[in-house]
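# coordinates for the following, if possible.
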Amino acid sequence: MRHVTLRQLRVFEAVARHLSYSRAAQELSLTQPAVSMQVKALGEQVGLALFDQIGRRIALTDAGHELYRHAHEVARQLQAAEEALASLKGLSGGKLDIAVVSTAKYFAPQLLARFLRDHPGVQLKLSVNNREVVMRQLADNETDLAITGRPPQRMETVAEPFAPHPHVIIAPPDHPLAGKRGIALTRLAAETFVVREPGSGTRGLLERLFAENQVPLNMSLEMASNETIKQAVMAGMGISLLSLHTIGLELETGRLAVLDVKGTPIERDWHVVHLQHKHLSPVARAFKSYLLTEGGRFLARFVRLR
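Below you'll find the model as predicted:
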């Protein structure tokens, strides 16, 4: 492996992490043929097959698994070097990598836009996924900071709340319970709930609410996004539990109603999270500080204005 290049390792690491040439090419801003060429050249240098082709999918060979373990560590060390060099530049440059749970996509871009107006030289990477994926990105040191409602429990992290995060039960405006006061949770046992996929923080919150009150929960409709859930509820397919920060426009236009169910809103907090031993760049530290000082005020205005 004397002639293996860092470029080849970076490309291989991305392909191995995604198990996809196309996704690796997209992440690295390369063409797919260029990615394939780099991986092929690396395999020739190693003298062993790194991937098996299974239909349209690829899988790591034993040699590929072993090389990925080392390549991933090299990638982490290079990232640490980039962060250290960025710290010498101060806030006029550097990269900011943020991962947010899908519910946070309704406000995270506005917060980031305000921050970037004061730091125009910063390069931003924003990824949006469900909680399970975001926690994996955090554990693999693939992001500087994560924004999530519920911080991880089995990971050494620093998690700080920066804003209230209320969840409410929503229904179409013509639902029989719309406008009723003090609705008992038991009255929802017969309702069809539209829920997110397993791994979603919102779904977990709904499951805990019903389990703690020993009320049966009918989750017969599963949707892949909050937007699809809102459309399903508006169409009368069922009711749902969603973050108040996702439904401001629909409430303002009268397309959704919040049910006054006892025990709701469920009050949680938004958290900014990073690995406990991660060396945050000045830009990441500045954005974290911005969230802690301005996030609560912004979200309070965000809900009222929407």
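# so Ile170 touches Val258, yeah?
Yes. The pair Ile170 / Val258 is scored as a contact, 6.0 Å apart, by CB atoms under 8 Å. (C-beta placed from N, C-alpha, C; glycine too.)
# between those two, what contacts are shared?
Ile247 (CB atoms under 8 Å, 6 or more residues apart in numbering).
# who's more crowded, these two?
Ile170 (25 against 17; other CB atoms under 10 Å).
# next up, phi/psi of that one, please.
Main-chain torsions, Ile170, degrees, to the nearest 10: phi -110, psi 150.
# now Ala14
phi -70, psi -40.
# OK, contacts around it?
Taking CB under 8 Å, 6+ apart, we find Ala14 in contact with 23-24, 27-28, 35.
# again, but for Ala189
Counting by CB under 8 Å, 6+ apart, Ala189 has contacts 215-218.
# give me the distance between Phe298 and Leu48.
52 Å (CB to CB, to the nearest Å).
# sorry, back to before: now which of the contacts of Ala189 would you call buried?
Leu217 (16 or more other CB atoms under 10 Å).
# from the contacts of Ala189, which single one is nearest Pro282?
Pro282 has its nearest neighbour among the contacts of Ala189 in Leu217, at 46.0 Å by CB to CB.
# hey, what's Thr148 bridged with?
For Thr148, the beta-bridge assignment (DSSP bridges) gives partners His271.
# these two touch, right, it and Ile98?
No. In this structure Thr148 lies outside contact range of Ile98 using CB under 8 Å: 11.3 Å.
# what segments of the stretch 1-150 of the chain are strands?
Here the stretch 1-150 of the chain has its strands, by DSSP state E, counting those that start in this stretch, at 51-54, 57-60, 95-101, 123-129, 145-148.
# quick one, which of these is packed in tightest?
strand 145-148 (a mean of 24; mean count of other CB atoms under 10 Å).
# distance from the chain centre to it, please.
Relative to its chain's centre, strand 145-148 lies at 7 Å (CA atoms, centre = their mean, to the nearest Å).
# show me what it packs onto, helices and strands only.
Judged by 3 or more CB pairs under 8 Å, 6 or more residues apart in numbering; DSSP states H and E, the packing partners of strand 145-148 are strand 95-101, helix 131-139, strand 266-275, helix 282-305.
# would you turn these into TSV with distance to His165 and mean pLDDT?
Formatted as TSV, the helices and strands packed on strand 145-148 follow (distance: least, CB to CB, whole Å; pLDDT from 0 to 100):
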stretch	distance to His165	mean pLDDT
strand 95-101	10	91
helix 131-139	13	89
strand 266-275	4	92
helix 282-305	8	83
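# tell me which of these is the most buried.
Sort the helices and strands packed on strand 145-148 by mean neighbour count, taking mean count of other CB under 10 Å, and strand 95-101 sits at the top with a mean of 22.
# in its sheet, what does it sit against?
strand 123-129 (parallel), strand 145-148 (parallel).
# quick one: residues in contact with the shortest one.
So that's strand 145-148. Under CB under 8 Å, 6+ apart, the answer for strand 145-148 is 97-101, 104, 108, 131, 134-135, 137-138, 201, 270-274, 280, 284, 287-288, 291.
# for that strand, list the C-alpha coordinates in CSV.
Output in CSV follows, covering the C-alpha atoms of strand 145-148 (Å, rounded to 0.1, in the frame of the first residue of the first chain):
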residue,chain,number,x,y,z
LEU,A,145,-23.4,19.7,16.3
ALA,A,146,-26.8,17.9,16.3
ILE,A,147,-30.2,19.5,17.0
THR,A,148,-32.6,17.1,18.5
